[in-house]
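Participant: got a predicted structure here, sequence first:
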Amino acid sequence: MRYRSFVAAVLVGLGLSGAALAEAESQEPIKLTLHDWTGQFLTTTIMGKVLASAGYNVEYVQADYIAQFAGLKTGDLHVAMEMWETTGREAMDEATATGNVVNMGETGMNAIEEWWYPAYMEEVCPGLPDWQALNACAAEFATPETAPKGRYLGGPVTWGGFDDERVEALDMDFEVVHAGTDAALFAELESAYQRKAPIVLWIYAPHWAPTKYAGSFVKFPPYSPECYQDPSVGLNPSLAYDCGKPTGPIWKVAWSGVAEKWPGAAKAITAFTISNEEMGAMVADVDLNGKSVEEVTDAWLADNKDVWSGWIAN
Amino acid sequence: MSRLHRLIPGRSGVFWILLFGTTWLLSRHALDLSRILEARWIVKYPAAWQLPVERRISGFMQWLVEDAHFGLFSFRDVTRFVASVIELPYDLVRNLLIDGFSVGLGNQAVEIGPSLSWIAIVVMVTAFGHFVRDWKLAALVGGCFLYLAVFGQWDSAMVTLASVLIAVPFGAVGGLLLGVLAYRAPAFEALIRPVLDLMQTVPVFAYLVPILFLFGFGPVAALVATIIYAMPPMVRVTIVALRGVSDEIRDVGVMVGCTRRQLMWKVLIPTAAPTLMVGVNQVIMLTLNMVIIASMIGAGGLGFDVLSALRRLDIGGGIEAGVAIVVMAIALDRLSQAFATRVAGDYRLDPNLNIVQRHPWSATVLIVTVVTYLLSSQVPGIQSFPEAAALSTGTFWSDVIGYINVHFFDTFEAIKTAFLTYLLLPVKRFFTGIPWAWGIMLVTLIGWRVGGIGLAALAGSLTALIAAVGLWDKAMITLYLCGTSVLVASAIGIPMGILAARNDTANRVIGSLIDTLQTLPSFVYLIPVVMLFRVGDFSAMIAVVLYAMAPAVRYAAHGIRNVNPQLIEAGMVSGCTPRQLLWRIRLPMAFPELLLGLNQTIMLALSMLVITALVGTRDLGQEVYIALTKANTGQGIVAGLAVAFIAIIADRILTATTRRARRNMGLDG
């Protein structure tokens, strides 16, 4: 794999600063999972490079956000760096309940995921950000494909989010169209924003989009766990999901065997934290300024040596 | 085309008009009807009647993975053992081609030998090209591999090549053995035939999940999926090839006293070898086809490059990696075809020559390999192609698409809106409006009309099963997308085929266009389409049309070319204009072939629909894709089977129609 050579390069670059840490532990590669959005590439690559500099062998494996739990449970995969409270909670709870997957704590980032519209839509649709006001002018968001209903551009289906359920439960005149990929989602936003075209779509933070474009998140009835689980709670007495999306921390999860096999690495993974702002800036560097994930993470590592060397200190 | 209608079996126009009219009325008014009667079951299949197949399959899978035990070892031990059997040669080939050999792991690894240098590999394939055919082939194959190096795709390409080099022997030998078994035991053949049908129609995504569970995440699972995907045609070809061996040869074998085993391996298989090689060629092409899909579950290489370019909407990167796959496909295809038809040359050994002179090619390869090996540590650029010298067309493609997007956005938007309003949406409303109960009736009636009671039972029960697992709505969206795409593909493809049949220059141009479209991995279509038309059904339709058009063109051209010349002459004698010749003689006579082409187009469209799930369609393909990303075995297999059922129904109905058409025209006597 190309990554192996790059790990070696990093090792040379960092002067094998923490090599002692890993010597007594397993030399088998620690497998970190990669999904499909830029922020996750960044956190995973940073973690991978930090572990490599501590002398661990690291391998990156492409795996799906939810499907990876199958691998994490059996120990085929070892570490997943971003498990969002907002989308991954059920899958994570189910996996940790088996005892084979453990929660490695918060990443320090806080997730917001919600329907979002650009500021210029407020002229067309007064009363925003209230969801009922949005629903009243659903026709403004219609496209030939969805007419007479409004078009809501949701994330890739793999992200979950219960938008189809939400639309049904709140009886909204919207049709959910799923973007196939993260990139497609933001490409549409960019194209629409340039032409001041109507759009309402799934935006998440930490991300560069909410800072680059003026706009706001739609205000739905506030989230509560009961609203998701109990149909009788909330506006619609017979359906669940009649409220907004939860916000909450982004977690790290790992195979339970990691702590025995690589105790030092487990410690480092638990210690990993990064802020929303740092993350937003790095994602913008990659997605907007065209830098590679390699460059951006190398720059972060160079600037924050004190921070991450604390994670791998004995 | 109105004249063609006369040829529809039985000329029972009334039946078809009535059937369509009823369906149309029901589709339009079912919703009102259900409101008036307060019977929601009319439009929505009641959840209470749903069969719990999905849960059962998931439960079974869980049991298989976690609990299944054969005393000493568990089922998972078996699959993991199989995985390691595949992994061993795979690692070896990969080390040889790209990674190099080393002992130890990670930063404690000591390299004990480098991989083959790119120069050595290029020389090797060139020599092989000369060995199997001639200089021309050698130049082509060498050029293809040189392209991979010059355009900076070498590393990924070698990872892909390693997967192909492992998957193809497993697929070919496995297929051969199964084929031999089926040839010997008719009972086994009866058993394996429906399995092969399913393997070829169930979308690959559907069985990726169980494979992930059983074989773990990573390249081996991807290899297993590839082998499963690529094996069926080999089994079929083997059966056909062995049956095709003439009786005289078989009798000679028996007469000289061959045992059963000798008869098979010394007589039948060598005789059938040329046909068998066609199967191997198929395995190679399908393996390459599968390369990208496999990268979703951890195979690296070119496929992964295309996939990640798609995810970043990096059009240039996607096209470059995609073209690299095509180039590799061309090289491997030509090599294997040449190998299949190779005639052992006039081979005389001159005792006066030394060993180098006797084997000039092998000697060159050996010398180049050794020299590059020795030099690789000293001279940069020998071990791996110098990065600075690599060419990239990436920005060019992005610029082209960017330019089109900026300058023609309104035009594209207008085209898209027109298609949506006048074709896609009406068809969608029609299909999604059909109440499930009538839908089952409808398919049964069509089956009965074209193929009698047996076909009616088969088509009806498969349709009922789709409804019973709760996938009716998704299946209707699938039908709508598939239907419109096939319509558009035929509308473009059949005229192209006619043109190709009548004009040699057009034939060459269209032929190479179609060849390219077919080898280009299906994901590659998605990138420019999404950039220009954004996510949605229209983009999906264009991608499906591009992918599925080839058979419509091929069969149309073939059908028109093969019309009995005497009939044409008769037409000319009776004073037909060229136009009349086409509409009254050529097209009607080619009708069965056109139907065959239609059948193939539908099959390809269905297989592509699953891939368009990546641009956000809402059909069965998306259902399969969701199941893959959630690792939900039951959901994936059920939705995959639903796609397969649609394919089987369409295939059987069209085959029956073709048979009747041929009979009516007296083609089959």
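Facilitator: On my side now, so go ahead. Numbers count the residues shown, from 1 in each chain, chains lettered A, B, ... in the order given.

Participant: count of neighbours near residue A:246?
Facilitator: Residues near residue A:246, counting by other Cβ atoms under 10 Å in any protein chain shown, number 20. For glycine as for every other residue, the C-beta is placed from the backbone atoms N, C-alpha and C.

Participant: three-state assignment of it?
Facilitator: Here residue A:246 is coil, with the state taken from DSSP: H, G, I helix; E, B strand; the rest coil.

Participant: roughly how far apart are it and residue B:529?
Facilitator: Here the criterion is Cβ to Cβ, to the nearest Å. By it, residue A:246 lies 35 Å from residue B:529.

Participant: could you list the low-pLDDT ranges of the stretch 151-300 of chain A?
Facilitator: Along the stretch 151-300 of chain A, no part satisfies pLDDT under 70.

Participant: any idea how far whatever residue of the stretch 51-200 of chain A ends up closest to chain B is from residue B:92?
Facilitator: Nearest residue of the stretch 51-200 of chain A to chain B (Cβ to the nearest Cβ) works out as residue A:57 at 3.0 Å. Distance, residue A:57 to residue B:92, by Cβ to Cβ: 20 Å.

Participant: residue A:180 now?
Facilitator: 37 Å.

Participant: contact residues of the stretch 151-300 of chain A facing chain B?
Facilitator: Residues of the stretch 151-300 of chain A lying close to chain B (Cβ under 8 Å from any Cβ of the partner chain) are A:153, A:156-158, A:177-184, A:187-188, A:191.

Participant: for the residue in the stretch 351-500 of chain B that chain A sits nearest to, which non-adjacent residue is closest in space?
Facilitator: When scored by Cβ to the nearest Cβ, the stretch 351-500 of chain B has residue B:420 as its residue closest to chain A, at 4.4 Å. In space, and not counting its chain neighbours, residue B:420 is closest to residue A:144: 4.4 Å by Cβ to Cβ, 6 or more residues apart in numbering or on different chains.

Participant: which SS class is that neighbour?
Facilitator: Following three-state DSSP, residue A:144 is assigned to coil.

Participant: quick check: the residue of the stretch 51-200 of chain A closest to chain B touching residue A:25?
Facilitator: No - under the criterion of Cβ atoms under 8 Å, residue A:57 makes no contact with residue A:25, lying 10.2 Å away.

Participant: when the two are compared, which one has more neighbours?
Facilitator: Just comparing residue A:57 and residue A:25: by other Cβ under 10 Å the higher neighbour count belongs to residue A:57, 22 against 18.

Participant: need phi/psi at that one.
Facilitator: Main-chain dihedrals, residue A:57, degrees, to the nearest 10: phi -90, psi 130.

Participant: how many residues are close by residue B:499?
Facilitator: Neighbour count for residue B:499, taken as other Cβ under 10 Å: 18.

Participant: now it: which helix or strand?
Facilitator: With elements taken from DSSP states H and E, the one containing residue B:499 is helix B:472-502.

Participant: ok and the helix or strand just after that helix relative to helix B:472-502, angle-wise?
Facilitator: Later in the chain than helix B:472-502, the nearest helix or strand by DSSP H and E is helix B:504-519. Helix B:504-519 runs at 150 degrees relative to helix B:472-502, counting by axes from the mean of the first three to the mean of the last three Cα atoms, to 10 degrees.

Participant: contacts for helix B:504-519, please.
Facilitator: With Cβ atoms under 8 Å, 6 or more residues apart in numbering or on different chains as the test, helix B:504-519 has contacts from B:285, B:288, B:325-326, B:329-330, B:333, B:496-497, B:499-501, B:546-547, B:549-550, B:553-554, B:557.

Participant: do stretch A:175-184 as well
Facilitator: When contacts are defined by Cβ under 8 Å, 6+ apart, stretch A:175-184 is touched by residues A:36-38, A:145-146, A:149-157, A:163-164, A:167, A:185, A:188, A:201-202, B:310-313, B:526, B:530, B:534-536, B:613-616, B:618, B:622.

Participant: for residue A:180 and residue B:92, indicate the residue with more neighbours.
Facilitator: Neighbour totals were compared for residue A:180 and residue B:92, and residue A:180 leads with 28 against 13 (other Cβ under 10 Å).

Participant: for residue B:612, see how far away the more buried one is.
Facilitator: Taken as Cβ to Cβ, the span from residue A:180 to residue B:612 is 8 Å.

Participant: likewise for residue B:72?
Facilitator: As judged by Cβ to Cβ, residue B:72 and residue B:612 stand 46 Å apart.

Participant: those two: who's more crowded?
Facilitator: Set residue B:72 next to residue B:612 and count neighbours by other Cβ under 10 Å: residue B:612 wins out with 31 against 6.

Participant: the chain: strands as residue ranges?
Facilitator: If you meant another chain, say so; for now it's chain A. With DSSP state E, the ranges of strands along chain A come out as A:30-34, A:58-62, A:79-84, A:101-118, A:150-154, A:174-178, A:200-205, A:215-217, A:248-255.

Participant: oops, chain B please
Facilitator: B:69-70, B:73-74, B:101-103, B:110-113.

Participant: quick one: residue B:464 and residue B:440 touch, right?
Facilitator: Yes - using Cβ under 8 Å, residue B:464 is in contact with residue B:440, at 5.0 Å.

Participant: the more surrounded of these two?
Facilitator: Taking other Cβ under 10 Å, residue B:464 and residue B:440 do not tie; residue B:440 has more neighbours (22 against 17).

Participant: for residue B:654, which non-adjacent residue is closest in space?
Facilitator: Nearest in space to residue B:654, with sequence neighbours left out and distances taken as Cβ to Cβ, 6+ apart, is residue B:599 at 4.4 Å.

Participant: contact partners for that neighbour?
Facilitator: B:650-651, B:654-655, B:658 are the contacts of residue B:599 under Cβ under 8 Å, 6+ apart.

Participant: quick revisit: which neighbours do residue A:180 and residue B:612 have in common?
Facilitator: With contacts taken as Cβ under 8 Å, 6+ apart, the residues that reach both residue A:180 and residue B:612 are residue B:526.

Participant: distance of the residue nearest to residue B:654 relative to residue B:557?
Facilitator: Separation of residue B:599 from residue B:557 (Cβ to Cβ): 16 Å.

Participant: coming back round to it: check contacts around the residue of the stretch 351-500 of chain B closest to chain A.
Facilitator: Taking Cβ under 8 Å, 6+ apart, we find residue B:420 in contact with A:144-145, B:537-538.

Participant: repeat that for residue A:228.
Facilitator: Residue A:228 makes contact with A:162, A:240-241, A:243, A:246, according to Cβ under 8 Å, 6+ apart.

Participant: of all those residues, which two lie farthest apart?
Facilitator: Spatially, the most separated pair among the contacts of residue A:228 is A:240 and A:246, at 13.1 Å (Cβ to Cβ).

Participant: where does the prediction get shaky in the stretch 1-150 of chain A?
Facilitator: Checking the stretch 1-150 of chain A against pLDDT under 70 turns up A:1-24.

Participant: where along it do the helices fall?
Facilitator: A:2-13, A:38-53, A:68-74, A:85-97, A:121-124, A:131-136 (DSSP state H, counting those that start in this stretch).

Participant: what does the stretch 301-450 of chain B give?
Facilitator: B:302-312, B:315-340, B:355-358, B:360-376, B:394-419, B:425-433, B:436-468.

Participant: no more questions from me, cheers.
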